[in-house]
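A.B. asks: Show me the folded form of this:
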Amino acid sequence: MSKTIKRHLIEKLLKVCETSEASIIEKYARSSFGDLFQQLTEDNALINFKTLKSVCVPDGDDEFVAEIERRDGKNGYFSPADGWVAVPDEDLTVYKLNFDWLLKIIMGTLDIADRHKPKVLFEEYIWALGQHRIETRNTHIIVARGLRSGSVFQDLKTHLDKHHQAKNPALVITLDPLVPEHLSLPNQNKLVKLADAIKWDKDKFEINTSLLAGSMRGNRNQEGFSSGFRSLFINGNQYTFTKKQAEAVEYLFNAGGLSRHQDEILAEINSSQKKLLQVFRVSGKTNKAWGEIIKHDGKGNYWLEI
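C.D. replies: Next up, the predicted model:
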């Protein structure tokens, strides 16, 4: 693959990274990555991980688990209703994200020389990239994923407590697109989501180092929205948004203070939700921007008040 990595490709790979094993079935990988799938496998960005031994088969309103058998050189299972059912290899082959490849890409965007190798702190979950300069500051950089798991987050906190006190803080870049708001790191260590740090106005995958540097100074450098409207820092308050929320916020921002009806907003961002509030609720929690900067008249009309 060329050295230029497309932003949308990283976005899709981060979705693979969300799964517990950072894996994806070949059929879905081909659908998601299209013509790039073959190149990803050749570059070892996606590596052959395992072959499924069973599949879930719909059975009316229910489903059953069918064990895969090999007959006449083909995979399949026996169904009481349909008899022998062949299963294509791409429905059974599972590919896994190669973290060595992804970390190398991230390090490249941060101008970290190839001679530096990531140190595995906790297998497949936490890596130390070492101390490197981000703009004008030497910064200890850690990459992590799976922080919604209590055990992984506790492992990270234990490492930070031991190795990164207030005088020696680290910047933790998480691959998780969604991180619970209640998570906080000890001492002066800072947590930034890679999704928030990506330059969304660029076609090529680039990281906003100004945002990273600003987080280590305890602020976002300046008030206003980040690229892609994934975050807002204003009047001492910080707001973060999912990708779909950011699209809605951007649409309202471009309205120039005028109100827009929620049906218009939902159609613009291609949301299947019936109400705008549902877009701003994740895991039962409403984004704190709702009511603070996102205002409404109770009749379905919304605007930004900043």
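A.B. asks: surely K275 meets H261?
C.D. replies: No. No contact is recorded between K275 and H261 when judged using C-beta atoms under 8 Å, the distance being 11.6 Å. C-beta: built from backbone N, CA, C; applies to glycine.
A.B. asks: what helix or strand is the residue positioned nearest the centre of the chain on?
C.D. replies: The C-alpha lying nearest the average C-alpha coordinate of the chain belongs to P177 (C-alpha atoms, centre = their mean; 3.1 Å). Counting by DSSP states H and E, P177 is held by no secondary-structure element, helix or strand.
A.B. asks: check contacts around it.
C.D. replies: The contact partners of P177, by C-beta atoms under 8 Å, 6 or more residues apart in numbering, come to L14, K15, E18, K193, A195, T242, K243.
A.B. asks: That one and K15, how far apart?
C.D. replies: The spacing between P177 and K15, counted by C-beta to C-beta, to the nearest Å, is 8 Å.
A.B. asks: all helices for the stretch 51-200 of the chain, in order.
C.D. replies: 99-109, 150-163, 194-197 (DSSP state H, counting those that start in this stretch).
A.B. asks: Quick check on the contacts of P177: which are buried?
C.D. replies: Burial by neighbour count, 16 or more other C-beta atoms under 10 Å: within the contacts of P177 this picks out L14, K193, A195, T242.
A.B. asks: now those residues as a markdown table including distance to L212 and pLDDT?
C.D. replies: Supplementary listing: the buried ones among the contacts of P177 in a markdown table, determined by distance: C-beta to C-beta, whole Å; pLDDT from 0 to 100:
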| residue | distance to L212 | pLDDT |
| --- | --- | --- |
| L14 | 17 | 93 |
| K193 | 11 | 91 |
| A195 | 13 | 88 |
| T242 | 20 | 93 |
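A.B. asks: which one among those gets closest to S54?
C.D. replies: Proximity to S54 was ranked across the buried ones among the contacts of P177 by C-beta to C-beta; first place goes to L14, at 28.2 Å.
A.B. asks: List phi and psi for the closest one.
C.D. replies: Backbone torsions for L14, taken as degrees, to the nearest 10, come to phi -70, psi -30.
A.B. asks: Isn't it up against T174?
C.D. replies: No. Taking C-beta under 8 Å as the contact criterion, L14 and T174 are not neighbours in contact, 10.2 Å apart.
A.B. asks: Can you pull the residues that touch both of the two?
C.D. replies: Here L14 and T174 share the contacting residues L194, scored by C-beta under 8 Å, 6+ apart.
A.B. asks: Adding distance to H296, write the contacts of P177 out as CSV.
C.D. replies: As requested, the contacts of P177 are arranged in CSV below (distance: C-beta to C-beta, whole Å):
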residue, distance to H296
L14, 32
K15, 31
E18, 31
K193, 27
A195, 27
T242, 19
K243, 22
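A.B. asks: and the next element down the chain from the worst-scoring helix or strand of the chain on mean pLDDT?
C.D. replies: For the chain, the helix or strand with the lowest mean confidence is strand 224-225, at a mean of 78 (criterion: mean pLDDT, DSSP states H and E). On the C-terminal side of strand 224-225, the nearest following helix or strand under DSSP H and E is strand 231-234.
A.B. asks: Just name whatever secondary elements that next one is in contact with.
C.D. replies: Counting contacts by 3 or more C-beta pairs under 8 Å, 6 or more residues apart in numbering; DSSP states H and E, the secondary-structure elements packed against strand 231-234 are strand 224-225, strand 237-240.
A.B. asks: Can you check which of those strands gets nearest to E69?
C.D. replies: Across these, E69 has its closest neighbour in strand 237-240 (48.6 Å, C-beta to C-beta).
A.B. asks: in that closest one, what's buried?
C.D. replies: Under 16+ other C-beta under 10 Å, the buried positions of strand 237-240 are Y239, T240.
A.B. asks: Show me what counts as buried in the helix or strand following that strand.
C.D. replies: Toward the C-terminus, strand 237-240 is succeeded by helix 243-254 as the next helix or strand (DSSP H and E). Within helix 243-254, the residues that qualify as buried by neighbour count (16+ other C-beta under 10 Å) are K244, Q245, A246, E247, A248, V249, E250, Y251, L252.
A.B. asks: Could you pull up the mean pLDDT of the following helix or strand past helix 243-254?
C.D. replies: Proceeding C-terminally, helix 243-254 gives way to strand 260-261 as the next helix or strand, assigned by DSSP H and E. In this model, strand 260-261 carries a mean pLDDT of 96.
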